[in-house]
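Q: The sequence and its predicted three-dimensional model are supplied below.
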Amino acid sequence: MWKYLLKKEFKQLLRDPGMPRIVMVFPLLIIFVFPFAANMEVRNIKLAVVDNDRSDQSQLLTEKCASSGYFELLDLASSPEEAQRLMDKGGTDAILTINSGFAQYLKTGTDKSDPLPVGIKVNTVNGTRGNIGAQYLNACVSGFLASASGIPAASGGQFEIHETYMYNQHLDYKAFMIPALIVIAVTMMCGFRPALNIVSEKERGTIEQINVTPVRKTTFIVCKMVPYVAVAFFMVFSCLLLSWIVFGYVCKGSLLDIAVFTLAHILAIASFGLLVSNFSDNTQQAMFVIWFFSMVFMLMSGILTPIESMPGWAQDITLVNPLRYFAHAMRAIVLKGCTFADTWPDLAWLLGLGAVTTTCAVASYKKTN
Amino acid sequence: MKEIFAFIQKAFRHIFRDRRTTLIVLVMPIVQIILFGFAISTEVHNAVVDVVGDPGDPVVRNIIDRIDNNKYLSIGEFHNSPSEAEVRIRKGKAKAFLCFESDFDKKFSSQGKAVIQIVSDGSDPNSAQIVMNYIKGVLQSSQVEFSERMFGVGTTSMRPNVQLMYNPAMNSSYNFVPGVMGLILMLICSMMTAVSIVEEKEMGTMELVLVSPVKPFWIILSKLIPYLFLSLINFVSVLLLAHYVMEVPIRGSLTLLSFSALIFVGSSLGLGLLVSVISKTQQTAMLLCGMGLTMPTMLLSGIIFPCESMPVALQVLSDFIPAKWFIIIVKKIMIQGVGLQEIAKELTVLSGMAVFLLWVSVKNFKTRL
Amino acid sequence: MDKDIKSIEVRDLVKKFGDFTAVNDISFHVFKGEIFGFLGANGAGKTTAMRILCGQSHPTSGEGSVAGFSIVNEQEKIKKHIGYMSQKFSLYPDLKVWENIELFGGIYGLSDKQIAEKTESMLKALDMEKAKDMYVSDIPLGWKQKLAFSIAMVHDPEIVFLDEPTGGVDPVTRRSFWELIYKAASTGVTVFVTTHYMDEAEYCDRVSVMVDGRIEALGSPAELKGRYEAKDMDEVFTKIAGRR
């Protein structure tokens, strides 16, 4: 019996108008488009300079900032008001104001009672960007002051600081995002589709035909899921392969571990989708609710923004989000080379969630009532 | 005119009769804005920093205390060697560790220099950078204090005057909530519209309506009006929550904001209409909106990942997404508090998109039936 | 027809959904090889009753047997021995004709060899050999109908349940469909059919008419026409169902 049902499911999947094409396209998007977008690096900070001192010194300071590589220098603004208007329009991210008396200030030596006639304004709507912009500008100014006036930026003791980043020396965002984007793709393609598939069989009436046959409901559901699991494996491994070919990212951990997690994840998500569809009156409702949950799952999974950044109650909510565990495990395995010794809590949670949703889904899917 | 009114009435009734779906459509945005408004954040809380070094050393002790007192960081465990600390990072128990040279105090006071290594978990580049910056900030202020104490040198406490504009507390909600608003508004509006119009197409009642003497343009308009209405309700509820629950300010003109929202909803309706023209079945419509619109909007329109950080090619792509322009407008009006002049460019582009989308869909509506 | 064997037996069957009684204490039997017409207006309880007989629903009270198996606690066994054709002729539109046959053959436990043989003989009998590789969505309605019926019989069941099998089909095709039914009945298959078309009621050996959950009339068309002084089943039906 299984053989024939599986044959049917595979054939239907392959003949579905959208499926095979999307399955081919998605890995390409994940490798070639999305990682480049999913980047929080602060770059191309637009800087406007208001130079009221108009001295050689102020020009040198401006040049130093311009050549630091952090900023995109805009044309000099003629007045602070104009610069502010520019910032309001979004035309600049930062404003460096060098007030008159700057050159004079540099000449008068170490003991200063007057404040430094330099002002920094940054747009902190994006707090990180603003903060980093301010830091860079500060560094440029201090560096300039140190070299220009002969005053060391920090005399006396100095900490010699060496920075290292483990696993990702160059802070390559793409390496970080790709394993997680794979999770999103797999969830969307293979997670919820089985449930929607069953709903559409309900609406077409073919499910009635199956209900009258000796086919058990567990058999039917499992056979529905198998092709999607196959598709999921295909997507995961083709993405990993592509990311190796295109970017040279090697998966540091075990592929088998990844396969196990993929299976556990699909189980959890597919049964959840089924649960939703069992309680929906029609396809429209089921689809809306599933979409709602997929948004919540995606945005509150730590894939795009860290879970540690969420408030406590939100972090608690993520405990029942399968994507959280799958994404965390994927990153741990691919980037850090973690083994089951490290990832078993994720697997335990994932399987636990899956067990609960599967039981509820199968119970509420009634062939007989 | 009377007929059009009748159509509008019918469309309204049709929606509100399906109670569950209406409930979903009105309640979902509220739940989503609360969840995402709070959960999407890149702020770092209590990043655990381990230490490899001698806790008895006074300078080391001082630094450790400062770090623990810092509201973003907290001290984890002490280790005897870097490799022990590395294990903690691999397991994800610590975000970074500091490695102090042996005899740190002695070296610092006698040679004026001592080495500190900061090793950070690079797998999440964004958090890594933020944590690194915080640590360095602490180290810098510690360095200043020690230099003054040990060497009596007032290092250049000459610092430029720094102003953090619009969002001095650097709440990440200011950055993300406008984006979430736009995302929710657009997706729900376009999905609702697309799915229900396709449903009518599937049921065949659309054909019935189109043979009436009323021009197709008015028929389509009458279909869109209830969704316009629902979307505006969504906008208001989302805005209220953003302001009162998430404390995002509304510094600019509410009227201007509402007007922009109206245009944005128009563009979303246009998108939904376009999707309904292309789709033959409800499932297709749902997939197109759910995946085809959700993914690019979430990743490319600047909601989570800043457009400025993207490569030029993707920035151009994001220009085609209406949500991008709306979010810029919202941020400018709500957080920067600017007026019509400063958002003129974005508003024009958004209006143009709305008109174009509506025009294209209306034109193709009848022919594609 | 074999009056010694009762393929279907129902005694005091009741089905309630909360306060609403869909099937209100019905009792009847169907002989082996009989063509039994199960008539009634929409909402009279026909579909509910049929679902119970097919093992898809639990009776609230009462008992009965289908193909010798109890409708109360042997539902899975019932399913192995019956065939079913739904209103929507539920074949899979995105599978080919032979693939549908293979699927249901396999589900009912036929071996590959048997499936191949069945496929050949079925398509020959239906004169659909050329359509073997066509997608079910592409074949005309009349063919779908006959194919669905044949597939319902692929495992040679004792009883076949037909739920409004001739909906939306022209009279000529309906006529030829009933020839298929006759053929099946003549080989000893019991046919349990519901329909709205009263002229089809004439083709049955016996019919029952359900109104508001009860069986108001049961007998052969000739008997019923006599009893209700009607010239055709249409009138019989109007007289019975119209009484309420």
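A: Thanks, I have it.
Q: pLDDT on stretch A:9-29, on average?
A: Confidence over stretch A:9-29 (mean pLDDT, whole number) is 82.
Q: can you check stretch B:86-100 too?
A: Averaging pLDDT along stretch B:86-100 yields 88.
Q: do that stretch and chain A meet?
A: Yes. Stretch B:86-100 reaches chain A (C-beta under 8 Å from any C-beta of the partner chain) through B:86, B:89-92. For glycine as for every other residue, the C-beta is placed from the backbone atoms N, C-alpha and C.
Q: number of nearby residues for residue C:109?
A: Residue C:109: 11 surrounding residues under other C-beta atoms under 10 Å in any protein chain shown.
Q: what does residue C:4 give?
A: Considering only other C-beta under 10 Å, residue C:4 is surrounded by 7 other residues.
Q: Can you tell me the SS state at it?
A: Per DSSP: H, G, I helix; E, B strand; the rest coil, the secondary structure class of residue C:4 is strand.
Q: Same question for residue A:159.
A: strand.
Q: Tell me who's in contact with it.
A: Counting by C-beta atoms under 8 Å, 6 or more residues apart in numbering or on different chains, residue A:159 makes contact with B:108, B:113-116, B:139, B:142-143.
Q: Looking at those, which are in strands?
A: Taking DSSP state E, the ones among the contacts of residue A:159 that sit in strands are B:113-116.
Q: Can you say which two of those residues are spatially most distant?
A: For the ones in strands among the contacts of residue A:159, with distances taken as C-beta to C-beta, the pair at the greatest spread is B:113 and B:116 (10.5 Å).
Q: Would you mind telling me which of those two has the busier surroundings?
A: Between residue B:113 and residue B:116, counted using other C-beta under 10 Å, residue B:116 has the larger neighbour count: 23 against 12.
Q: wait, that one sits on residue A:161?
A: Yes. Residue B:116 is in contact with residue A:161 according to C-beta atoms under 8 Å; the separation is 5.4 Å.
Q: Now the common contact residues for those two.
A: By C-beta under 8 Å, 6+ apart, the residues touching both residue B:116 and residue A:161 are residue B:139.
Q: Convert the C-alpha atoms of the least confident helix or strand in chain B by mean pLDDT to PDB, please.
A: Ranked by mean pLDDT, DSSP states H and E, the helix or strand of chain B with the weakest confidence is helix B:205-210, at a mean of 72. Extracted in PDB, the C-alpha atoms of helix B:205-210 (Å, rounded to 0.1, in the frame of the first residue of the first chain):
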ATOM      1  CA  THR B 205     -19.300  35.000  -9.000                       C
ATOM      2  CA  MET B 206     -16.800  37.400 -10.500                       C
ATOM      3  CA  GLU B 207     -18.000  36.700 -14.000                       C
ATOM      4  CA  LEU B 208     -21.500  37.300 -12.900                       C
ATOM      5  CA  VAL B 209     -20.600  40.700 -11.600                       C
ATOM      6  CA  LEU B 210     -18.600  41.700 -14.600                       C
END
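Q: ok, then the element right after it?
A: helix B:216-244 (DSSP states H and E).
Q: Check which helices and strands that next one sits against.
A: helix B:2-17, helix B:19-39, helix B:172-203, helix B:205-210, helix B:254-278, helix B:340-367 (3 or more C-beta pairs under 8 Å, 6 or more residues apart in numbering or on different chains; DSSP states H and E).
Q: could you give the angle of the last one to helix B:254-278?
A: Right, the one you point to is helix B:340-367. Here helix B:340-367 runs at an angle of 20 degrees relative to helix B:254-278 (axes from the mean of the first three to the mean of the last three C-alpha atoms, to 10 degrees).
Q: Give me the helices and strands touching helix B:340-367, please.
A: helix A:80-89, helix B:216-244, helix B:254-278, helix B:322-330.
Q: got a list of contacts for stretch C:218-233?
A: Residues contacting stretch C:218-233 (C-beta under 8 Å, 6+ apart): C:28, C:198-199, C:201-202, C:204-209, C:217, C:235-236, C:239-240.
Q: Three-state assignment for residue C:90, please.
A: coil.
Q: Name the nearest residue to it, ignoring sequence neighbours.
A: residue A:209 (3.9 Å; C-beta to C-beta, 6 or more residues apart in numbering or on different chains).
Q: again, but for residue A:16
A: residue C:94 (7.6 Å).
Q: And the pLDDT for the one you found?
A: In this model, residue C:94 carries a pLDDT of 86.
Q: got it, and residue C:127?
A: For residue C:127, the predicted pLDDT is 86.
Q: I'd guessed residue A:266 sits against residue A:231; true?
A: No. Contact between residue A:266 and residue A:231 fails when scored by C-beta under 8 Å: they sit 9.3 Å apart.
Q: so how many other residues sit close to the residue of chain C found nearest chain A?
A: Taking C-beta to the nearest C-beta, chain A has its nearest neighbour within chain C at residue C:106, 3.0 Å off. For residue C:106, the count of nearby residues is 21 (other C-beta under 10 Å).
Q: Assumed it was part of a helix.
A: Yes. With three-state DSSP as the criterion, residue C:106 is assigned to a helix.
Q: any idea how far it is from residue A:214?
A: Computed as C-beta to C-beta, to the nearest Å, the residue C:106 to residue A:214 distance reads 11 Å.
Q: quick one: common contacting residues for those two?
A: Taking C-beta under 8 Å, 6+ apart as the criterion, residue C:106 and residue A:214 both touch residue A:1.
Q: May I see the ones in strands among the contacts of residue A:159 arranged in a markdown table, with distance to chain A and pLDDT as well?
A: Formatted as a markdown table, the ones in strands among the contacts of residue A:159 follow (distance: C-beta to the nearest C-beta, whole Å; pLDDT from 0 to 100):
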| residue | distance to chain A | pLDDT |
| --- | --- | --- |
| B:113 | 5 | 79 |
| B:114 | 6 | 84 |
| B:115 | 5 | 87 |
| B:116 | 5 | 89 |
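Q: Can you tell me which of the residues you listed is nearest residue A:278?
A: For the ones in strands among the contacts of residue A:159, the nearest to residue A:278 is residue B:116 (58.3 Å; C-beta to C-beta).
Q: mind listing what residue B:291 touches?
A: By C-beta under 8 Å, 6+ apart, residue B:291 lies in contact with A:22, A:188.
Q: related to what we said a few turns ago, out of the helices and strands packed on helix B:340-367, deepest packed?
A: Mean neighbours per residue, mean count of other C-beta atoms under 10 Å in any protein chain shown, is largest over these for helix B:322-330, with a mean of 27.
Q: That helix packs against which elements?
A: Using 3+ C-beta pairs under 8 Å, 6+ apart, helix B:322-330 is in contact with helix B:172-203, helix B:254-278, helix B:340-367.
Q: So for that helix, mean pLDDT?
A: Taken as a whole, helix B:322-330 has an average pLDDT of 93.
Q: Could you do stretch A:313-328 as well?
A: Across stretch A:313-328, pLDDT averages out at 93.
Q: got the contact list for the nearest residue to residue B:25 once chain neighbours are set aside?
A: The shortest distance from residue B:25 to any non-neighbouring residue, by C-beta to C-beta, 6+ apart, is to residue B:192 (5.7 Å). Neighbour list for residue B:192: B:25, B:227, B:230-231, B:272 [criterion: C-beta under 8 Å, 6+ apart].
Q: Tell me which residue in chain B sits closest to chain C.
A: Nearest to chain C, among the residues of chain B, is residue B:281, at 12.5 Å (C-beta to the nearest C-beta).
Q: Run the chain-centre distance for the least confident helix or strand of chain B.
A: Mean C-alpha position of helix B:205-210 versus that of the full chain (C-alpha atoms, centre = their mean, to the nearest Å) differs by 40 Å.
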